[in-house]
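# have a look; sequence and predicted model below, questions after that.
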Protein chains: 2
Amino acid sequence: MKIIIVGATGTIGSKVNANLEKDHEVIKVGSQSGDLQADITDPESLENLFEETGSFDALVSATGAAHFGPLQEMTAEDFDMGLQSKLLGQVNLVLTGQHYINPKGSFTLVSGILSEDPVADSVNVSAVNSAVNGFVKAAALELENDVRINAVSPGVVEDSPELFDAFPGHTPVAMNRVVKAYRKSVLGISNGEIIKVW
Amino acid sequence: MKIIIVGATGTIGSKVNANLEKDHEVIKVGSQSGDLQADITDPESLENLFEETGSFDALVSATGAAHFGPLQEMTAEDFDMGLQSKLLGQVNLVLTGQHYINPKGSFTLVSGILSEDPVADSVNVSAVNSAVNGFVKAAALELENDVRINAVSPGVVEDSPELFDAFPGHTPVAMNRVVKAYRKSVLGISNGEIIKVW
């Protein structure tokens, strides 16, 4: 299977890559690292990316930023950052990628536990993760040629100890469980599923 | 109670206004109609609005556009329209309004059934409605001075027969149920609730 991993050098992406590259052809994409570079907020950059990769069987996303900060001080610009990056950036991967993906291929996006279990300062992330989930549920019903789409929704992961204080009382999630969620989406038959890992 | 209704002349807003103005001081806000005009996509316009209204007890939103159209033809620009209007526009009402609302006041935003029950062409609306719900759940935990926030999530409403064909098998919702949901949010004690009307 030919798999594109966007965000392949990040905390989650690098583990997903290490797992999938054992028995699949993986193309690692990053904003500045990886085999190929692309800017997910720029549809033209993604068009160039897929022209270079050619058709593919699965696109895995473990990328996108959102704003962390107190509601009282938040500006429209802060909020829009998350909309443009983790939300519209990942949506762009599907809007553009749908024209290059092989029949029976799959998209796997990333959302996260904060959609359902907010912490302090997570207002933007909570909204963005919710939107990614809502997009996935609706897009699964419209994608053609038996292409599937799912979201992996992890809790705070054990490889991000710098975040533990921001998630009081949360149990850090083992990375191998997150990797398995991506494998389920890519290699299984799930469609329109929010694969919760927490 | 001093209540600001944004989108007060729309299908839902006009009915909510007719109900609330019986026993409350209502300020009707529209993009081009109403007592005062404001552009919800422009934080400065909202700052001017609240400078004019002064402090208030409740802000009710029944406004915001999103993109309806097939996933196969959707562009980043199409998708961003809904993010900027129904999502960030309503979020802006809270980001700016939180500095003008009275203690124990309330915000009521509007989302909709498509977050959970997509129809054809609703990918953007489904994502936007999901994000509004996620924002409300998180913001309820951060708003200060006992200020509350809820979302009313209506199904297709009986006053929009032009939409019935786009919602096959959906049961149109009586407008008085939608109005009651807004009353529950404004006059009750709900907080962080997605008030489903379907």
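Ah, there it is. Numbers count the residues shown, from 1 in each chain, chains lettered A, B, ... in the order given.

# quick check: next helix or strand after the helix of greatest length in chain A?
Ranked by residue count, the top helix of chain A under DSSP state H comes out as helix A:123-139. Under the assignment DSSP states H and E, the closest C-terminal helix or strand after helix A:123-139 is strand A:148-154.

# now do that following strand: everything it contacts.
Strand A:148-154 has contacts (CB atoms under 8 Å, 6 or more residues apart in numbering or on different chains) with A:12, A:94, A:104-113, A:115, A:129, A:132-133, A:136, A:139-140, A:143, A:173, A:178, A:181-182, A:184-185, A:189-198. Just so you know, the C-beta spots here come from the backbone N, C-alpha and C atoms, and that holds for glycine as well.

# same check on stretch A:30-45?
So stretch A:30-45 is contacted by A:6-9, A:27-29, A:46, A:48-49, A:52-53, A:63-64, A:84-85, A:88-90, A:92-93, A:95-96, B:75-76 (CB under 8 Å, 6+ apart).

# rerun that using 6 Å as the cut-off
A:Ala8, A:Thr9, A:Ile27, A:Lys28, A:Val29, A:Leu46, A:Leu49, A:Gln84, A:Gly89, A:Asn92, A:Thr96, B:Ala76 (CB atoms under 6 Å, 6 or more residues apart in numbering or on different chains).

# and which of the residues you listed is nearest A:Val156?
A:Thr9 (19.8 Å; CB to CB).

# quick one, what contacts that closest one?
Contacts of A:Thr9 by CB under 6 Å, 6+ apart are A:Gly30, A:Ser33, A:Gly34.

# coming back round to it: return the subset of the contacts of stretch A:30-45 lying in helices.
A:Leu46, A:Leu49, A:Gly89, A:Asn92, A:Thr96, B:Ala76.

# run a quick neighbour tally on the fourth one.
If I follow you right, that is A:Asn92. 24 (other CB atoms under 10 Å in any protein chain shown).

# pretty sure it contacts B:Thr75?
No: look at A:Asn92 against B:Thr75 with CB atoms under 6 Å: they stay out of range, at 9.3 Å.

# keeping just the C-alphas, turn stretch A:128-137 into CSV.
Taking C-alpha atoms only, stretch A:128-137 is exported to CSV below (Å, rounded to 0.1, in the frame of the first residue of the first chain):
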residue,chain,number,x,y,z
VAL,A,128,-11.4,22.6,16.2
ASN,A,129,-11.4,19.0,17.3
SER,A,130,-15.2,19.0,17.2
ALA,A,131,-15.2,20.4,13.7
VAL,A,132,-12.7,17.8,12.5
ASN,A,133,-15.0,15.0,13.9
GLY,A,134,-18.1,16.6,12.3
PHE,A,135,-16.3,16.9,9.0
VAL,A,136,-15.3,13.3,9.0
LYS,A,137,-18.8,12.1,9.8
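
# since that was my last question, I'll sign off now.
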